[in-house]
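Asks: Can you look at this prediction? I've put the sequence above it.
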Amino acid sequence: GDSVTQMEGPVTLSEEAFLTINCTYTATGYPSLFWYVQYPGEGLQLLLKATKADDKGSNKGFEATYRKETTSFHLEKGSVQVSDSAVYFCALNSGGGADGLTFGKGTHLIIQP
Amino acid sequence: ETGVTQTPRHLVMGMTNKKSLKCEQHLGHNAMYWYKQSAKKPLELMFVYSLEERVENNSVPSRFSPECPNSSHLFLHLHTLQPEDSALYLCASSPGSWNTEAFFGQGTRLTVV
């Protein structure tokens, strides 16, 4: 079955540091890939997505590129802020609505001033 | 405003109580989901409804009972829960078409005492 693997953390960085959160996946067919963010006490918010190989999703300074050859979708940001502290989930959808999304375990990111 | 609203946001219930969680979406989506989020565990897909019909239950204990009276509303009825059922319960919806993202509510934080 489908699966998503991501570093769990916590990942602790200083403000303005460069961020990479690794995500690799196993899936049948050609999945769409997503990054979600969860702030404390909240639900999951879609951060960005990519629907086919070599697509780059971007939002709020975050980027991730769909790499089919390495089955990866790493999340990057050039300069993180304290407000980026949250839990980040990599996810995929390789089917229709009946399947739901497959999520990684989440990476807790802590940004220190 | 995510378009998916969950009530209540917080719920404390005894093991002999009966309660219900409510989810409402205003996005015109065809699929709705219940996920369970526990500390230190991956997101668990509990139930999927597509066009108001249940298509997945993932071996969830019978003390959890979903109901989808129409495409905009989803309930999770709870009875005789155990303390280990304490978690954040997330509702989500999606268009139901191929490889699409899901939109999440803010969740209900459930504590079973």
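Replies: Thanks, I have it. Everything numeric in this text was worked out from a predicted model, so none of it was measured. Numbers count the residues shown, from 1 in each chain, chains lettered A, B, ... in the order given.

Asks: From here on, just use CA atoms for contacts and neighbour counts.
Replies: Noted.

Asks: residues contacting the closest residue to A:T51 other than its chain neighbours?
Replies: Residue nearest to A:T51 in three dimensions, not counting chain neighbours: A:S32, with 4.3 Å by C-alpha to C-alpha, 6 or more residues apart in numbering or on different chains. Neighbouring residues of A:S32 by C-alpha atoms under 8 Å, 6 or more residues apart in numbering or on different chains: A:K49, A:A50, A:T51, A:K52, A:L92, A:N93, A:S94, B:N99, B:T100.

Asks: farthest pair in those?
Replies: Spatial extent of the contacts of A:S32 (C-alpha to C-alpha) is set by the pair A:K49 and A:S94 at 13.3 Å.

Asks: returning to what we had before: among the contacts of A:S32, name the buried ones.
Replies: The neighbour count (16 or more other C-alpha atoms under 10 Å in any protein chain shown) marks A:K49, A:A50, A:T51, A:L92, A:N93, A:S94, B:N99, B:T100 as buried among the contacts of A:S32.

Asks: still on that earlier bit, closest one of the contacts of A:S32 to A:Q38?
Replies: Proximity of the contacts of A:S32 to A:Q38 (C-alpha to C-alpha) peaks at A:K49, which lies at 15.5 Å.

Asks: secondary structure element for the closest one?
Replies: Using DSSP states H and E, A:K49 maps to strand A:44-50.

Asks: Neighbouring strands - and their directions - for that strand?
Replies: strand A:32-38 (antiparallel) (DSSP bridges).

Asks: Any idea how far the helix or strand bottoming out on mean pLDDT in chain A is from the middle of the chain?
Replies: The weakest-scoring helix or strand in chain A, judged by mean pLDDT, DSSP states H and E, is strand A:102-103 (a mean of 90). Centre-to-centre, strand A:102-103 and its host chain are 11 Å apart (C-alpha atoms, centre = their mean, to the nearest Å).

Asks: Note down every partner strand of it and its orientation.
Replies: With DSSP bridges as the test, strand A:102-103 is paired with strand A:86-93 (antiparallel).

Asks: CA-only coordinates of the partner strand in CSV, if you can.
Replies: Extracted in CSV, the C-alpha atoms of strand A:86-93 (Å, rounded to 0.1, in the frame of the first residue of the first chain):
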residue,chain,number,x,y,z
ALA,A,86,4.3,24.1,13.8
VAL,A,87,4.0,20.5,12.8
TYR,A,88,4.4,19.8,9.1
PHE,A,89,2.8,16.7,7.4
CYS,A,90,3.7,15.3,4.0
ALA,A,91,0.8,13.5,2.3
LEU,A,92,-0.2,11.8,-0.9
ASN,A,93,-3.4,10.9,-2.7
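
Asks: Count the residues that sit near B:M46.
Replies: A count of nearby residues for B:M46, using other C-alpha atoms under 10 Å in any protein chain shown, gives 21.

Asks: got the contact list for it?
Replies: B:M46 makes contact with B:Y33, B:W34, B:Y35, B:K36, B:E56, B:N57, B:N58, B:S59, B:V60 under the criterion C-alpha under 8 Å, 6+ apart.

Asks: same question, B:L88
Replies: Contacts for B:L88 were tallied using C-alpha under 8 Å, 6+ apart; they are B:K36, B:Q37, B:S38, B:G107, B:T108, B:R109, B:L110.
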